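Engineer: Kindly return the folded structure for what I paste below:
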Amino acid sequence: MNRYEPVIGLECHVQLQTRSKAFSGASAAFGGAPNAYTDPYTLALPGTLPVLNRVAVEYALRMALATGCTIRRLSRFARKHYFYPDLPKGYQISQYDEPLAERGKVEFVLDGEVRSVRLTRIHMEEDAGKNTHVAGAPFSLIDLNRAGVPLIEVVSEPDIRSAKEAAEYLRALRQLVRYLGICDGNMEEGSLRCDANVSIRPVGSEKFGTRTELKNMNSFKHVQQAIDYEIVRQSQLLDAGERVVQETRLWDAERGSSHTMRSKEEAHDYRYFPEPDLPPLKIAEDEIERVNALLPELPIARRRRFIDRQGLSVYDATLLTAEREIAEYYDQVVAAGADAKKAANWVGSELLRELNREAKAIGDCPISPIALAELIGLVEEAIISGKIAKDVFAKMYGTGRGAREIVDAEGLVQVTDPSAIEAVCRKVIEANPKQVEKYRGGNDKLLGFFVGQVMKETGGKANPEIVNRLLKRLLS
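Structural biologist: Okay, the predicted model is just below:
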């Protein structure tokens, strides 16, 4: 049994998908030429003043409401001072002692169980630029495109007790910001970034240990690996009679280890004081009501509805709610009249397999929800068989044509006339006397062979239930 219990809290920076920056009109787009998206304010030229981005405030409110936070009707911005080349002003506009939102929680599923992690706060701030360190050169390159892009920082309580749980919390956070339409959640591009505060304590102890901060983790896998590494590192220090030093450490994914970056700063190190160029941010009650009315059905609630009301398995419900667009597509298929479970099978298997194979988003799917519901209906009404339906689906996906149109044009309607099917069954039996003898000798598995031969003779159009029934009678 492990002697130590990890105590983990995450600080996640969510880059808001606004067209312009937090406090100026410069573009907040990703991927431009270095320093293409700057303006006098971004460059901190004398005399320039910040103007708050209204859309950024709305996006921050969406997140606060979706996580059940208490929203301050009056919050304030502050200057967070530190000196680094990618911060032209010499300070970052952030929020400190009066953040936009506090408390709340993020829910997620781990090992089939719904869990939650409490939030300390959600506050708004601006991003810094990016330094590129040139190997072997006595200088670094600075790109200020990202400087001033609006962020929210989502700070969790130290409720997480394993690296696996931390990774699942982060996945849920990413899913949530994508559902809300406020961030694309791309960790590799830096639009979602995570710092982990990790400490350990003896099992059963209530007192927290000395924590270290982990940075430079740009995937769920790296977050889990880095935290696991840090837990082992701290355990080994304590077992050797040494102490854990409070510091910031950088994760090196290639080496699978971390190294010291700097001693951990405290709040007083940043010399926070109220931002004199911005008035307090006032949030009116009607604004909260307006934003709340725009919130979509959230992932956990939708997953619960799919399981409880539509009878889906936990696996199918989890798969279909992974992305908001997939869940909405599925809902539209059911709304168009398809059986809920059959719709889940078609969307979760056939449709997603084709989309994944071509690396397409569901918004680019050539089959509309109504068209897929029509195909499912044709199978339900026994107009086509399940096997023919898969062929029709492939043609629908490749051409954009409707199911009924393809079935009618290609004469794919299922044969349900028992006398016509019986004639084919007799023909197959007569053509395979050795297999008939083995079947009647007790080899029941050969029934599948006869069914396959009948389906081959009818081009897959014979009703399988009728085929099975007739063959059993004729072979007995």
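Engineer: Next SSE downstream of the longest strand that the chain contains?
Structural biologist: Counting by DSSP state E, the longest strand found in the chain is strand 113-126. Remark: after strand 113-126, the chain's next helix or strand is strand 130-133, criterion DSSP states H and E.
Engineer: who does that following strand touch, helix- and strand-wise?
Structural biologist: strand 140-143 (3 or more C-beta pairs under 8 Å, 6 or more residues apart in numbering; DSSP states H and E). Backbone N, C-alpha and C define where each C-beta goes, glycine included.
Engineer: List the strands paired with the strand it packs on, with their directions.
Structural biologist: Here strand 140-143 is paired, per DSSP bridges, with strand 130-133 (antiparallel).
Engineer: Could you list the buried residues of the partner strand?
Structural biologist: The neighbour-count check on strand 130-133 (16 or more other C-beta atoms under 10 Å) flags nothing as buried.
Engineer: rewinding a little: model confidence over the longest strand of the chain, on average?
Structural biologist: Here strand 113-126 scores 96 as its mean pLDDT.
Engineer: quick one: contacts of stretch 361-372?
Structural biologist: Outside stretch 361-372, the residues that touch it by C-beta atoms under 8 Å, 6 or more residues apart in numbering are 323, 325-326, 329-330, 332-333, 335-336, 338, 343, 346-347, 351, 355, 393, 396-400, 402-403.
Engineer: Between the two ends of it, what distance do you get?
Structural biologist: 17 Å (C-alpha to C-alpha, to the nearest Å).
Engineer: Which parts of the stretch 101-250 of the chain are helices?
Structural biologist: Assigned by DSSP state H, counting those that start in this stretch, the helices in the stretch 101-250 of the chain fall at 163-180, 220-239.
Engineer: Could I get those in TSV, plus columns for mean pLDDT and mean neighbour count?
Structural biologist: Below are these laid out as TSV (pLDDT from 0 to 100; neighbours: other C-beta atoms under 10 Å):
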stretch	mean pLDDT	mean neighbour count
helix 163-180	97	22
helix 220-239	94	18
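Engineer: Of those, which is nearest G377?
Structural biologist: helix 163-180 (29.6 Å; C-beta to C-beta).
Engineer: Could you provide the helices of the stretch 101-250 of the chain in JSON lines, with additional columns for distance to T132?
Structural biologist: Formatted as JSON lines, the helices of the stretch 101-250 of the chain follow (distance: least, C-beta to C-beta, whole Å):
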{"stretch": "helix 163-180", "distance to T132": "26"}
{"stretch": "helix 220-239", "distance to T132": "20"}
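Engineer: Please state the backbone phi and psi of the residue lying closest to R79 once chain neighbours are set aside?
Structural biologist: In this structure, R79 finds its nearest non-sequential neighbour in Y91, 4.2 Å apart by C-beta to C-beta, 6 or more residues apart in numbering. When read as degrees, to the nearest 10, the backbone of Y91 gives phi -150, psi 160.
Engineer: How about S162?
Structural biologist: In terms of degrees, to the nearest 10, the main-chain angles of S162 are phi -160, psi 160.
Engineer: Ok, V379 next?
Structural biologist: Here is the backbone geometry of V379 (degrees, to the nearest 10): phi -70, psi -40.
Engineer: Is it correct that it is in contact with D391?
Structural biologist: No - contact criterion C-beta atoms under 8 Å: V379 and D391 do not qualify, at 12.0 Å.
Engineer: follow-up on the earlier one: wait, which of the helices of the stretch 101-250 of the chain is closest to I142?
Structural biologist: Across these, closest to I142 is helix 220-239 (C-beta to C-beta), at 25.1 Å.
Engineer: what angle do that closest one and helix 163-180 make?
Structural biologist: Relative orientation of helix 220-239 and helix 163-180, computed by axes from the mean of the first three to the mean of the last three C-alpha atoms, to 10 degrees: 150 degrees.
Engineer: Could you number the chain from 22 rather than 1 from now on?
Structural biologist: With the count now opening at 22, the last piece we talked about shows up as helix 241-260.
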